[in-house]
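Chemist: Just a sequence and a predicted model for now, questions to come.
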Amino acid sequence: MDQPEARERNDKAVAQWVADEFPRIVRETFERKTHYVFLDESGFFLARTVRRTQAPRGKAPVLRAGNRRDKWSATRCTTVSPVPVRPGRYFELLDHNVHGEDVVPFLKGRHRRVDPQTVIWDRNPIHSTSKAVQARVAKHPSVVVEDFPGYAPS
């Protein structure tokens, strides 16, 4: 089933990124002999979602469910080595929303395993405005970061 696209999505910018930016990233990554690191974060709410239920006519349905508001966040990445092309998958679960300070230890762990690297991630503010993330990237010149086009999960 197709998912609706965000209103903010700019199809021309996405097409331009696919045609121009991604080939440049591939070329530069190949020339540097670095690993690709495709990184993203997700959040999961653990509350039950009840859409429909049944009950005898005239009786209100009673749903026994806790009022939990728990959530998990996941930071994960797929890495691809330059030669031979071999993928790796890494993830980390957190019991709170992901912040820039949470991304730094994840990046450190990947940096120990794959170096040098080209990190390709979305335009989430925890990447672009987090002082902790920016300090980590500035401290390691072997790590190059690139952004996916905005609002283009595909």
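Modeler: Nice, thanks for sending it over. Predicted model only: the values in this text are computed from it and were never measured. Numbering: from 1, shown residues only.

Chemist: which residues touch the residue of the chain most remote from its centre?
Modeler: Within the chain, residue 58 marks the point farthest from the mean C-alpha position, 47.5 Å out by C-alpha atoms, centre = their mean. By C-beta atoms under 8 Å, 6 or more residues apart in numbering, no residues touch residue 58. Any C-beta I mention is one placed from the backbone N, CA and C, and that applies to glycine too.

Chemist: any idea how far residue 64 is from it?
Modeler: Between residue 58 and residue 64 the computed distance is 20 Å (C-beta to C-beta, to the nearest Å).

Chemist: Spit out the contact partners of residue 129.
Modeler: residue 100.

Chemist: What of the one 4 residues further on?
Modeler: Under the criterion of C-beta under 8 Å, 6+ apart, the contact list for residue 133 reads 100, 103-104, 107, 126-127.

Chemist: quick check, nearest of those residues to residue 78?
Modeler: residue 107 (14.5 Å; C-beta to C-beta).

Chemist: Wait, the closest one touches residue 135, no?
Modeler: No. Contact status for residue 107 versus residue 135: not in contact, 11.0 Å apart, counting by C-beta atoms under 8 Å.

Chemist: re earlier: a markdown table please, covering the contacts of residue 133 and showing secondary structure and neighbour count.
Modeler: Output for the contacts of residue 133, formatted as a markdown table (DSSP: H, G, I helix; E, B strand; the rest coil; neighbours: other C-beta atoms under 10 Å):
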| residue | secondary structure | neighbour count |
| --- | --- | --- |
| 100 | helix | 19 |
| 103 | helix | 22 |
| 104 | helix | 16 |
| 107 | helix | 22 |
| 126 | helix | 19 |
| 127 | helix | 19 |
